[in-house]
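# Need coordinates for the below:
(chains A and B)
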Amino acid sequence: MRVPDAVRRRRSRTATVIGLLAVALGVTGCLSVSVGAVPIPMSSVPGALLGLGEPRHVTLVVDIRLPRAVCGLLVGLAFGMSGAIFQSLVRNELASPDVIGVTAGASAAAVLMIVVVGAGALQLSLAALVGGLGTAALVYLLAHQQGISGYRLILVGIGVAAALSAFTSYLLLRADITDLRRADAWLTGSLNNRDWEQVAPLALAMVALVPGALVLRRSLRGLQLGDDAAKALGLRVGAAKGAILVVGVALAAFATAAAGPVVFVAFVAAPVARRVLGNGDLALLTSGLFGALLVTVADLVARTAVDGVEMPVGVVTGLIGAPYLVWLLVRTNRSRDLA
Amino acid sequence: MGLAAWTVVVVVLTGASLAVGARVIPLHDVWAALDTPDVTNSNHVIVQTLRLPRTVLAVVVGVALGLSGALMQGVTRNPLADPGILGVNAGAALSVVCAASFFGVSTFYGSVWFAFAGAALAALAVYAIGALGRTGATPVKLALAGAALTVFMGSATTALLLAEPEIRADIRSWAVGSLAGKDMETVLQMSSFVLVGTLLALVCGSALNALALGDDLARGLGQRVAAARAVGAVAVVLLCGAATAVVGPIGFLGLVVPHVARLLTGADYRWVLPYSMVIAPAFLLLADIIGRIAVPPNELQVGIVTAAVGAPFFVWLVRQKRMVEL
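Here you go, the predicted model:
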């Protein structure tokens, strides 16, 4: 069968964008491994990765900078894809996991583990996952009233997130100073001092979740047409929604567990990706790559902007992301009136 | 009648707030401490130096937040308006932190002006963004603009605090919203601002009634719409700014109280405002007392208690059919 021209053009554009993003990621990845208190020349980075060259450089690259770079990349990928999934499912660009309380739930659970149990990385990931899923379910149930309205979901999410962040503050006030430091750095969304132990759960989860999300792409596209149309297409709407939600929440929760709530990545990545592709595509993978690029670049900025201070990456993404949200509100308010 | 009953409730809770805590002090001792204080009696010292400022503060902050919530809901014609949700608290917080880290300002009189400026700028920005478009400032647009700016200002606040770890501990307990540990002098200084704000607010009652009918009708009734909004906004900034500068952002009180007032007295703002003014202190005193005895030997900050009670109320409000269609 002959593929229509429009579809072919779309595919080739998507492929080009993904290719360019991969190259950009490669470059920033190498940069983030080479830049730091001890600069390592770009030329010796590939060697160090293979364990050749100066032993000092090898340790630095393999044990300290590489886990950080990989963590940033995976976290960005996960948040970007999660944002794209939520925004497509709710059919609203404001419905990112940050806004509807999923990350707040994951944070509350993780801080609970840090402060009360003193948990390790794996337990932290699990707790964040459970917290994120639980919050998503709660928000969904509370917003459900003869179907789901996008704005009700968002407003309920804001309310639930407020209650959860009050709970988090309470835990923080009771924490002793070491727990507090740990929880605090984690809560701002930080890639500082990541090691392989923290990256491993996220990496494993991504191996399962990314293909899962790509498989569900087809149902998601059906659901975007509305529940009735999706039913007519032969989709089991309830099951499909459930599966997609679980994947979206799991992506956000695992990423939150590894690096904390890096704000706005999930929110910004998908709309940018969709605009760059310029077609009605879901742009799951492209959003993920944009997210990865955003986190990696933001982390580079956070590490190098102020001499001697390693800012958490979440501060930078917040400062970039919030003006974008404001711009989005201004634009949508002007063009078509909401609600 | 209702007003008198609520005033009695406030008085009773004031007594309870003086008596209840880590050490329960019998009421006759509380009375003696207020009437003829004795510096050698430890109960009297507790009442005079700890519980009295705290209780007065709860009443004043309650008045300020209850009124400002009712005003905001009236001025913006928005049932979801609340200084927390619309980003006013976050603006005041960012401004206070800026003052502390750039100019080393830490006294009440120093930081209150920054809090006012921050609250006013944030309120203006949120309203400007939310009011764009043909339908004007709908509840959803305002709430989203508020949420966006809150995150932005939160990030900026965090960035500043990370650079100055030493002011962090103070700011942390302030940022949750707490009535504890303020001296009487600060409370009295703040009361003067709240008094001015209260007078301005109470003048606005009938203007808000007219605004509730929509701008065109209000104009038809001879109301100067822009002037009424401006007076209301100044009062909100005075009340919220002063309260937030001292106790930090206390969320949801301004949201919940006007709705309770409307349930009790109907939609007439000439009554909603005074009712909000007595109901809010009652709620805040109660929340503070609960916070003191809920998790012994620790205390729950009052901001946490109000969020725990207020957030479910917000969700309930959003679920109302009326809201969805707004």
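
# Can you read off the backbone torsions of the residue most central in space within chain A?
Geometric centre of chain A, nearest residue: A:Phe79, 1.2 Å, by C-alpha atoms, centre = their mean. The phi/psi pair for A:Phe79 (degrees, to the nearest 10) reads phi -60, psi -40.

# quick one, what contacts it?
A:Phe79 makes contact with A:97, A:251-252, A:255, A:262, A:265-266, A:269, A:291, A:295, according to C-beta atoms under 8 Å, 6 or more residues apart in numbering or on different chains. In this view, the C-beta of every residue, glycine as well, is placed from N, C-alpha and C.

# Quick check: the gap between B:Arg262 and chain A.
As judged by C-beta to the nearest C-beta, to the nearest Å, B:Arg262 and chain A stand 19 Å apart.

# circling back to that earlier point, helices - which of the contacts of A:Phe79 land there?
A:251-252, A:255, A:265-266, A:269, A:291, A:295 (DSSP state H).

# and of those, the nearest to A:Arg182?
A:Arg182 lies nearest to A:Ala255 out of the ones in helices among the contacts of A:Phe79, by C-beta to C-beta, at 18.0 Å.

# element containing the nearest residue to that closest one once chain neighbours are set aside?
Excluding the flanking residues, the one nearest A:Ala255 by C-beta to C-beta, 6 or more residues apart in numbering or on different chains is A:Ala78, at 3.8 Å. For A:Ala78, the element it lies in under DSSP states H and E is helix A:66-90.

# pLDDT of that helix, averaged?
Mean per-residue pLDDT for helix A:66-90: 90.

# In it, which residues are buried?
Using 16 or more other C-beta atoms under 10 Å in any protein chain shown as the test for burial, helix A:66-90 gives A:66-90.

# Stretch A:162-176 too?
A:162-173, A:175.

# In the stretch 201-326 of chain B, where is pLDDT below threshold?
Along the stretch 201-326 of chain B, the model assigns pLDDT under 70 to residues B:321-326.

# now the strands for the stretch 201-326 of chain B?
With DSSP state E, counting those that start in this stretch, there are no strands along the stretch 201-326 of chain B.

# for it, what spans make up the helices?
Remark: helices assigned in the stretch 201-326 of chain B by DSSP state H, counting those that start in this stretch are B:205-211, B:215-220, B:225-247, B:253-265, B:269-293, B:302-319, B:321-325.

# for the third one, packing partners?
Here helix B:225-247 is seen to pack against helix B:52-75, helix B:88-102, helix B:108-130, helix B:184-203, helix B:205-211, helix B:215-220 when contacts are counted using 3 or more C-beta pairs under 8 Å, 6 or more residues apart in numbering or on different chains; DSSP states H and E.

# Kindly calculate the angle that that helix makes with helix B:108-130.
Using axes from the mean of the first three to the mean of the last three C-alpha atoms, to 10 degrees, the direction of helix B:225-247 lies 130 degrees away from that of helix B:108-130.

# which residues sit in contact with the residue nearest to the spatial centre of chain B?
The centre of chain B sits closest to B:Leu65, judged by C-alpha atoms, centre = their mean, with a distance of 2.7 Å. B:Leu65 makes contact with B:83, B:239-240, B:243, B:250, B:253-254, B:257, B:280, B:284, according to C-beta under 8 Å, 6+ apart.
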